[in-house]
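Engineer: sequence? don't have it. structure:
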C-alpha cells in the first residue's frame, strides 16, 4: 500500500488569525496588555469563521475599557480563495472590526471626545459607531458604550503586516480613551 502525503494549505483567514494572535500575545507577554477573552468559532450552517481576542491595558486590569479585535470570513471569502480565479481573488480575505467597551457618564461631551480620539488615531475614512446600553428602570451614573471601528473593506493576505501594526493602534486608543474615562 502506498502512503500519500497530503499537504494542508492554510486559508488566508488562518494565516491572518495567526499573525493577529501572535501580535496580541507578544504584547501580553511583554506585560503591556492582559488578554481577557478569546473566541475561535466555526459556523457549520453558514460555513463561516469568526475569531476575536479581547484585552485591557495591564496596568489597569480593573479598567472599564476593553478592546476586541475581530476577524470574520464567510463562504464567499473561502470559495474565492479556493477557486483562485482572477475575478474572485479580491474576495479572498476577511473583514476586520475593532471594538471598545467602556463605561462612562451619560454626557454628550464623552461621546464627542471618544469620536474625536478614535478619528484622530484611525482616520476619518473609517466608520466609527457608538452604541449605548442603559437600563431605563435604574438610575445609574454610568452607561455602557460599545464602540466599533470598521474598515469598509476586506483585508487580504498580502496586507497581513498591517494587522500586526493594528495592535499598536488599538493599544494607543486604549491609552487615549483611558485619560478621560
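Structural biologist: In hand now; what should we look at? Not measured: the values here are computed from a predicted model.

Engineer: Contacts for whichever strand in the chain runs longest next, please.
Structural biologist: Longest strand in the chain by number of residues (criterion: DSSP state E): strand 142-156. Contacts with strand 142-156, where a contact means C-beta atoms under 8 Å, 6 or more residues apart in numbering, come from 12, 16, 64, 77, 90-106, 110-111, 114, 118, 122, 125-134, 162-163. Every residue, glycine included, has its C-beta placed from N, CA and C.

Engineer: which residues of this structure fall in helices?
Structural biologist: 12-29, 75-83, 108-122, 160-178 (DSSP state H).

Engineer: And those helices, which one averages the lowest pLDDT?
Structural biologist: Lowest mean pLDDT within the helices of the chain: helix 75-83, at a mean of 87.

Engineer: Quick one: residues in contact with that helix.
Structural biologist: 11-13, 46-49, 88-94, 154.

Engineer: Please list only the buried members of those residues.
Structural biologist: 11, 12, 13, 48, 49, 91, 92, 93, 94, 154 (16 or more other C-beta atoms under 10 Å).

Engineer: just checking, which of the residues you listed belong to strands?
Structural biologist: Those of those lying in strands (DSSP E): 48, 49, 93, 94, 154.

Engineer: So the third one versus residue 129, what's the distance?
Structural biologist: Think residue 93. Using C-beta to C-beta, to the nearest Å, one gets 22 Å for the distance from residue 93 to residue 129.

Engineer: give the contact list for the spatially most central residue of the chain.
Structural biologist: In the chain, the residue lying closest to the centroid (C-alpha atoms, centre = their mean) is residue 69, at 1.8 Å. Residue 69 is in contact with 20, 24, 52, 53, 54, 96, 97, 98, 99, 166, 167, 170, counting by C-beta under 8 Å, 6+ apart.
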